[in-house]
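**Student:** Give me the fold of what follows.
(chains A and B, ligands or ions: 4)
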Amino acid sequence: MLKKQVLSPGIKRFELDAAEIARKALPGQFVVLRVNEEGERIPLTVADTMPDKGILVIVFQEAGKSTKLLGSLNEGDSILDLIGPLGRHSHIEKFGTVVCIGGGVGTPEIFPVARALKQSDNKVISIIGFRSQDLILMADEMKSVSDELIVATDDGSNGNKGFVTDMLKKVIDRGEKIDHVFAVGPVIMMKMVSKTSEPYKIPTVVSLNPIMLDATGMCGVCRVDVGGESKLACVDGPEFDGHKVDFDGLMARLRTYLPEEKLSLEQYEAAKPKGGCCGGKGGCCA
Amino acid sequence: MREQDPQVRARNFEEVPYGYTPEEAVEEAKRCLKCKKPSCVQGCPVNIDIPGFVGQIALGNFWEAMKVMKTTNTLPAICGRVCPQESQCEGSCVLAKKMEPVAIGNLERYIADWEAQQNECVMCEMKPRTGKKVAVVGAGPAGLTVASDCAKMGHSVAMFEALHKPGGVLVYGIPEFRLPKAIVEREVNFVRSMGVDLQLNYVVGKLKTLDDLLQEFDAVFVGTGAGKPSFMGIPGENCLGVYSANEYLTRSNLMKAYLFPRYDTPIVRGKRVATIGGGNVAMDSARTALRLGAEKSILIYRRSREEMPARTAEVHHAEQEGIEFNLLTNPVRYIADEKGWVKAVECLRMELGEPDASGRRRPVPVKGSEFQIPVDTVVVAIGNSPNPLIAQTTPGLETAKHGNVVADPKTGRTSKQGVFAGGDIVTGAATVILAMGAGRLAANSIDEYVRTGQW
Ligand SMILES: Cc1cc2nc3c(=O)[nH]c(=O)nc-3n(C[C@H](O)[C@H](O)[C@H](O)COP(=O)(O)OP(=O)(O)OC[C@H]3O[C@@H](n4cnc5c(N)ncnc54)[C@H](O)[C@@H]3O)c2cc1C
Ligand SMILES: Cc1cc2nc3c(=O)[nH]c(=O)nc-3n(C[C@H](O)[C@H](O)[C@H](O)COP(=O)(O)OP(=O)(O)OC[C@H]3O[C@@H](n4cnc5c(N)ncnc54)[C@H](O)[C@@H]3O)c2cc1C
Ligand code: SF4
Ligand code: FES
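**Tutor:** Residues are numbered from 1 along each chain as shown, chains lettered A, B, ... in the order given. Ligands and ions are numbered 1, 2, ... in the order given. Okay, the predicted model is just below:
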């Protein structure tokens, strides 16, 4: 790891030295990593690349044990395994006017897509949403690749109260023709975005995050029902037509390991030295 | 061969058979008649010099036995454990007609394990370096065989593996209690010791395409296996608690979920686990379920015991351990509880009709015979199809109906110049030894191709 930043509480950005992947990865693709021998294989979206410097960027939210353990690493540390780029890249072309929607930690994931769309001469309207003002992420970066940026907070603490779907509805209601929607964020948000755009028949692409294991199409755990067909998110996706995805099935399957995840986290927290994972030095356990 | 007690072993992940003592090995080897025309060798897909190595064991020359072995087989500890000997070498042994055949598999295993305990290891003869470069995609038995053979022939070999551990099905599929992972590691290290450069976490088709590899290498071998799990497409297959065998076994074996929470990857430890299928994969899944603490491990197979494709020894082991066999039974749907978790599998009774294309009698459903089996976990083990990644990203590589790569069975040549293929990616799910056999043939024609340049 070359560089570590804490973007907002529990959300970290790592710059990794991974030249070959950095040269090859495209927007919409992901990597899988394993921190140590006992570790899980964790899928994370390619948030950015600097191909000339051989740098790969990941941004992740500390959700449970594995991501907390990852977050406890410091500059100079190594990650045991890093596999990628995986999945299909986003289909980018000149659509016309596109809306890019990021929810929470979905924002860094939508960023490379928005940038690529901008570079392909689309008019990019970005909507990013967070629970409250202190959780806002990457607003400046998003602004730099968008013709218009709308930042919303659930509690209105930044002065613009509402969900990303409310903002999307407003944009649609302005009467402007919208040719495409891209959305990344919590499953429930992607479901609501898809529901919002459906009556207007605006093609909507969502990036799914089912549980994954090998991420090479071998185990089948990442299967999702898309338009009545079983698809593997790791090789057929992770992006799919939001109007066809069975989001409820996906949400149910994400709950498969709740008891185990809870146990893992409890044990991890109990074993951690007092003063956080860094022993109180700061930087990692914001 | 002595084995762990079924009651005890059904609850641990240690290997089932203990292996021979030296005395037992010599005694067994002495039973070989040293036939003039050894039919066992014909029965072996890679024609191992069986009387040769068995004869050396009979004389107590274990070192010599291993030398004979390594001329034709670099993975004996693996083959000795997982090959279907009863239908290959042992099935063809002349003694099999009258009494028990020579236990060739057990002897193969013995001699490899014996070597592992010595401080030295038999090295293969290495030819002078040729300066030619060969890329091998996939570190399963097919890839490992090509890599070691090509290295012996003096070519420099780079092997690319998508997962973080080499071995293919040997590490992610076949459980520890049947094939200890330390043994696979040892045999892989032997291949590495011949100078093979093994790159893990490297997905060909993503990081580099086959065409990229052809720029750097004189020849490429594709041994990517049959990794994609099949489902039946019946209602309820996506409900919680329904696994593919690949997922179930990969979690347990490769990711060591049976050691959760010491290892981070979780697995559902069901109380009533149903496994669908009748092959080795199904046996492995049903037996893994027991070891993960199932009170009942139930096998559901649509034909009868005779048609089961699993190795006889493994069916026998499964029965001893108390796995409940539901034969002539086919699932038609899974029923979930209010939380979306599987609670029962609905099945139909079957009868055997006329033989089908596979020559086995076709199962026909008995009308109105629906019944339910209460379960909390299901493992679907009905087969795998080829991993599509390489075919998808390689223009000009001919594939057959189910996505198998088309390769000449005698040479392993594909439709694309410089590209060879073998193992499950070509044949569909088969066996370790057939994958190795295909690897051996391909290595020979790769050698010829890189030396002559003639396609
Ligand atoms: C293609 C893809 C891209 C992703 N990109 C990002 C990203 O850029 N940033 C980010 O913060 N997160 C991303 N995720 C989610 C991230 O992988 C999970 O948060 C992480 O694996 C959770 O592990 P944990 O042990 O910390 O949490 P756990 O306590 O194990 O789980 C917390 C929650 O994460 C989900 N989850 C658990 N295991 C997995 C798994 N193996 N695969 C997917 N989801 C899982 C479940 O919904 C679970 O309830 C992505 C997931 C996928 C599939
Ligand atoms: C559970 C189970 C039990 C079995 N039991 C037996 C048994 O008892 N006896 C027996 O003889 N056979 C058994 N088999 C079958 C046997 O294991 C296979 O036939 C054999 O492993 C096939 O070898 P292979 O080299 O063709 O492929 P695999 O072993 O499948 O290896 C392929 C390798 O290629 C890698 N790969 C795939 N795509 C890529 C890519 N794009 N880039 C890089 N790497 C890639 C994979 O990760 C994998 O490591 C069993 C199979 C299973 C699943
Ligand atoms: S067929 Fe049987 S007896 Fe004859 S050489 Fe082979 S192992 Fe020995
Ligand atoms: S994660 Fe295993 S098939 Fe997609």
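
**Student:** Find the nearest non-adjacent residue to residue B:374, please.
**Tutor:** residue B:344 (5.1 Å; CB to CB, 6 or more residues apart in numbering or on different chains). In short, each C-beta sits where N, CA and C put it, glycine included.

**Student:** Tell me if I'm right that that neighbour and residue B:332 touch.
**Tutor:** No: under the criterion of CB atoms under 8 Å, residue B:344 makes no contact with residue B:332, lying 11.5 Å away.

**Student:** more neighbours, the two?
**Tutor:** residue B:344 (20 against 14; other CB atoms under 10 Å in any protein chain shown).

**Student:** for the residue nearest to residue B:80 when sequence neighbours are not counted, what are its contacts?
**Tutor:** Closest residue to residue B:80 apart from its sequence neighbours, by CB to CB, 6+ apart: residue B:109 at 2.9 Å. Counting by CB atoms under 8 Å, 6 or more residues apart in numbering or on different chains, residue B:109 touches B:19, B:76-77, B:80-81.

**Student:** sorry, back to before: and the residue nearest to residue B:374, which of the three is it?
**Tutor:** strand (DSSP: H, G, I helix; E, B strand; the rest coil).

**Student:** Return the set of residues that bridge with it.
**Tutor:** residue B:335, residue B:374 (DSSP bridges).

**Student:** so is the residue nearest to residue B:141 when sequence neighbours are not counted in a helix, a strand, or just coil?
**Tutor:** Distances taken as CB to CB, 6+ apart put residue B:435 closest to residue B:141, at 4.3 Å, once the chain neighbours are dropped. Following three-state DSSP, the label given to residue B:435 is helix.

**Student:** correct me, but residue B:435 touches residue B:142?
**Tutor:** Yes: under the criterion of CB under 8 Å, residue B:435 makes contact with residue B:142 at 4.0 Å.

**Student:** picking up where we left off before, could you identify the pair within the contacts of residue B:109 that is furthest apart?
**Tutor:** B:19 and B:76 (13.0 Å; CB to CB).

**Student:** ok, how many other residues are close to the residue nearest to residue B:141?
**Tutor:** 29.

**Student:** how far away is it from residue B:425?
**Tutor:** For residue B:435, the distance to residue B:425 (CB to CB, to the nearest Å) stands at 9 Å.

**Student:** who touches both of those two?
**Tutor:** B:142, B:223.

**Student:** Return the set of residues that bridge with residue B:419.
**Tutor:** residue B:220.

**Student:** which ones are touching residue B:192?
**Tutor:** residue B:198.

**Student:** Please read off the pLDDT at it from the model.
**Tutor:** pLDDT for residue B:192: 92.

**Student:** same thing with residue A:264?
**Tutor:** pLDDT, residue A:264: 87.

**Student:** what's the neighbour count on it?
**Tutor:** 23.

**Student:** is it true that it touches residue A:65?
**Tutor:** Yes: Residue A:264 lies in contact with residue A:65 (CB under 8 Å); the separation is 4.1 Å.

**Student:** Quick one: name whatever helix or strand follows whichever strand or helix holds the residue nearest to residue B:80.
**Tutor:** Following DSSP states H and E, one finds residue B:109 within helix B:104-117. Using DSSP H and E, the next helix or strand after helix B:104-117 towards the C-terminus is strand B:133-137.

**Student:** For residue 2, grab the count of nearby residues.
**Tutor:** No chain specified, so I'll use chain A. 15.

**Student:** look at chain B instead
**Tutor:** Residue B:2 has 9 nearby residues by other CB under 10 Å.

**Student:** Tell me where the stretch 201-350 of chain B has strands.
**Tutor:** For the stretch 201-350 of chain B, the strands defined by DSSP state E, counting those that start in this stretch cover B:219-222, B:228-229, B:242-244, B:272-276, B:296-300, B:324-326, B:329-336, B:342-355.

**Student:** Can the fourth one be said to contact ligand 2?
**Tutor:** No: applying CB under 6 Å from any ligand atom, one finds strand B:272-276 separated from ligand 2 by no less than 11.2 Å.

**Student:** just the angle between that strand and strand B:342-355, please?
**Tutor:** Counting by axes from the mean of the first three to the mean of the last three CA atoms, to 10 degrees, strand B:272-276 lies at 30 degrees to strand B:342-355.

**Student:** neighbouring strands for strand B:272-276, and are they parallel or not?
**Tutor:** Each strand paired with strand B:272-276, and its direction, by DSSP bridges: strand B:296-300 (parallel), strand B:377-380 (parallel).

**Student:** So which of those is the most surrounded?
**Tutor:** strand B:377-380 (a mean of 28; mean count of other CB atoms under 10 Å in any protein chain shown).

**Student:** Dump the strands of the stretch 201-350 of chain B to TSV, plus distance to ligand 1 and mean pLDDT.
**Tutor:** TSV is the format used below for the strands of the stretch 201-350 of chain B (distance: least, CB to the nearest ligand atom, whole Å; pLDDT from 0 to 100):
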stretch	distance to ligand 1	mean pLDDT
strand B:219-222	26	96
strand B:228-229	17	91
strand B:242-244	14	96
strand B:272-276	22	96
strand B:296-300	26	96
strand B:324-326	32	95
strand B:329-336	19	95
strand B:342-355	19	92
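
**Student:** Point out the most buried one among the ones you listed.
**Tutor:** Ranked by mean neighbours (mean count of other CB under 10 Å), the strands of the stretch 201-350 of chain B are led by strand B:219-222, with a mean of 30.

**Student:** Which other helices and strands does that strand contact?
**Tutor:** strand B:133-137, helix B:141-152, helix B:210-216, strand B:419-421, helix B:432-452 (3 or more CB pairs under 8 Å, 6 or more residues apart in numbering or on different chains; DSSP states H and E).
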